[in-house]
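K.L.:
Quick one, what's the 3D model for this:
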Amino acid sequence: MSLATPLALIGRAALGLLAAIGRVALFACAAISHVVRPPVYGREFLNALLQIGWLSLPVVGLTAVFTGGALALQIYSGGARFNAEAVVPQIVAIGMVRELGPVLVGLMIAARVTSSIAAEIATMKVTEQIDALVTLSTHPMKYLVVPRLLAALIVVPLLVAVGDVIGIFGGYFVATGSLGFNPAAYLENTVDFLEPLDIVSSLVKGCAFGGIAALMGCFYGMQSGRGAQGVGRATKGSVEAAAVLILAANFLLTGVFFSI
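P.N.:
Numbering: from 1, shown residues only. Model prediction:
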């Protein structure tokens, strides 16, 4: 094997990655451009609000409450080594609001909603329903992508806010029920420690993660190959891409909000 072969493989992979990034960027620009132009399909938008928001509450709530409780236990156990058990309320609050709340909600949305969107749109493509929309002079981007994108941008920050609150109360119940904390003092320390920037960053992250989750589901669904294998690859690829992009976006947004 010549020396140029590994370099060619690396170059081919890099070009493929750049081409994929370009396709996603063009798709996102097209989706955003259609958001501000009529018509608006209200029924599809309301259905997307229901699917993304209301039906995601159980998994978001359960994830947040167990994460908050486990976080309180871990902080208490770790803090006991340095006689710093009293910081449990503050660290649970900042950990849930700044990082764990938005990221876990984003990943749950990627697992539940992104996969559902990708499978639904990919199935529509396989069964030629998208072609039927074009025949009926209905733009697929307007009918399939825009309602889901708008719904995710609106409702995922609300899910993040709910997840933050539930996670904090998960830590509260564990701390007051098992670790001997005073309930009133716990809540007072939580409220006093949080700052407006923490809450704003959490909601902004939720908006970004919702947009990523919806866009990846729609993009992979629209790009799906034919047949059952195409639907499966689209579903798997959408979740993988959404999860990686959510974690990358979390890193970038954390740097923007909290860089020193």
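
K.L.:
now Gly210, nearest residue through space, not along the chain?
P.N.:
Once flanking residues are discounted, Gly210 sits nearest to Val156: 2.8 Å by Cβ to Cβ, 6 or more residues apart in numbering. Heads up, the C-betas are built off the backbone N, CA and C, glycines and all.

K.L.:
if I look at that neighbour, how far off is Gly255?
P.N.:
For Val156, the distance to Gly255 (Cβ to Cβ, to the nearest Å) stands at 21 Å.

K.L.:
still on that earlier bit, quick one: contacts for the residue nearest to Gly210?
P.N.:
Counting by Cβ atoms under 8 Å, 6 or more residues apart in numbering, Val156 touches 52-53, 105-106, 109, 206-207, 209-210, 213.

K.L.:
Repeat the analysis, applying 10 Å as the threshold.
P.N.:
When contacts are counted by Cβ atoms under 10 Å, 6 or more residues apart in numbering, Val156 touches 52-53, 56, 60, 102, 105-106, 109, 113, 163, 203, 205-214.

K.L.:
Any stretches of the stretch 1-150 of the chain with poor pLDDT?
P.N.:
The model of the stretch 1-150 of the chain has pLDDT under 70 over residues 1-4.

K.L.:
where do the helices sit along it?
P.N.:
When secondary structure is read from DSSP state H, counting those that start in this stretch, the stretch 1-150 of the chain shows helices at 4-35, 42-52, 57-79, 88-94, 101-109, 115-126, 129-135, 140, 146-178.

K.L.:
Phe193 is nearest to which of those helices?
P.N.:
Closest approach to Phe193 among the helices of the stretch 1-150 of the chain (Cβ to Cβ): helix 88-94, 4.2 Å.

K.L.:
list the helices and strands the closest one packs on?
P.N.:
On a contact count with 3 or more Cβ pairs under 10 Å, 6 or more residues apart in numbering; DSSP states H and E, helix 88-94 meets helix 57-79, helix 146-178, helix 183-193.

K.L.:
Please identify the deepest-packed of the ones you listed.
P.N.:
Greatest average neighbour count among the helices and strands packed on helix 88-94 goes to helix 146-178 (a mean of 23), per mean count of other Cβ atoms under 10 Å.

K.L.:
From the chain's centroid, how far away is that one?
P.N.:
Offset of helix 146-178 from its chain centre (Cα atoms, centre = their mean, to the nearest Å): 12 Å.

K.L.:
Same question for stretch 10-22.
P.N.:
25 Å.

K.L.:
10 is where my numbering starts, stick with that
P.N.:
Sounds good: first residue 10 from here, last item stretch 19-31.
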